[in-house]
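Engineer: Could you work out the structure for the sequence below:
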Amino acid sequence: MNRAELKSKSKQQIKGKIGVIFCIYLVISFLSVVALFLLSLIPYGKIVFAIIVAPAFGLSLIRAYLNVSLNKKIDISDAICGFDDFWSAFKVQFFTSIFIYLWSLLFIIPGIVKSISYSMAMNILAENKGKPALECIKESKEMTKGHKAELFVLSLSFIGWILLGYVTFGIALIWVIPYMETTLINAYHSLKPVKAEFATEPEVIDV
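Structural biologist: Just a heads-up that it's a prediction; the model follows:
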């Protein structure tokens, strides 16, 4: 996994697509506000949004960035494409959050390591609609094995860009976020060949 190549490739892929990506974020933000308002009218509505609705929006964004990384067309309707598999998105997010929380109880470092280990789970679901959550997590663990340090350094390499975004009152983030997310998706693509080694029993998982 060559960090410089991943970044260079991502810069080329987002050219001409920043406007559409920005519109997708606007639509998701608007729909999120509406959903939060409506759900706040019922008991525990905000919790329902966080554990069920938000993961589906997250899946939508991942699918959009997957299309960007594959040089495919994206449009505003991608903002809600994750809702065709919202139950799977909920389960992946739920299990990864639980596992990371449990590991974090030991100390912060195990929690960080496991968050990287599970970081590809939603990407795997995005490319495999309806795939069992535990199987996505298991494949993510296998995919990131031996690459956690590289992925950690890759994420850290965007700190300067993110700070630039805040210095410019968020304006630079319109470009920085797509650049960062596309790079992370390309890192996912670079690790996918090891999928052939995955086990076939999703009900057995070592967290």
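
Engineer: what's the offset of the lengthiest helix in the chain from the middle of its chain?
Structural biologist: For the chain, the helix with the greatest residue count under DSSP state H is helix 18-39. Centroid separation between helix 18-39 and its chain, computed with Cα atoms, centre = their mean, to the nearest Å, is 17 Å.

Engineer: what comes up buried for it?
Structural biologist: Val20, Ile21, Ile24, Tyr25, Val27, Ile28, Leu31, Ala35, Leu36, Leu39 (16 or more other Cβ atoms under 10 Å). C-beta: built from backbone N, CA, C; applies to glycine.

Engineer: Could you do stretch 161-171 as well?
Structural biologist: By 16+ other Cβ under 10 Å, the buried positions in stretch 161-171 come out as Gly165.

Engineer: circling back: other residues contacting the longest helix of the chain?
Structural biologist: Helix 18-39 has contacts (Cβ atoms under 8 Å, 6 or more residues apart in numbering) with 14, 45-46, 48-49, 53-54, 57, 60-61, 64, 68, 74-76, 78-80, 174-175, 177-178.

Engineer: tell me the contacts of the closest residue in space to Phe158 that isn't next to it in sequence?
Structural biologist: Once flanking residues are discounted, Phe158 sits nearest to Met180: 4.7 Å by Cβ to Cβ, 6 or more residues apart in numbering. For Met180, the contact set (Cβ under 8 Å, 6+ apart) comprises Phe158, Trp161, Ile162.

Engineer: got the phi/psi numbers for the first one?
Structural biologist: Think Phe158. Main-chain torsions, Phe158, degrees, to the nearest 10: phi -100, psi 0.
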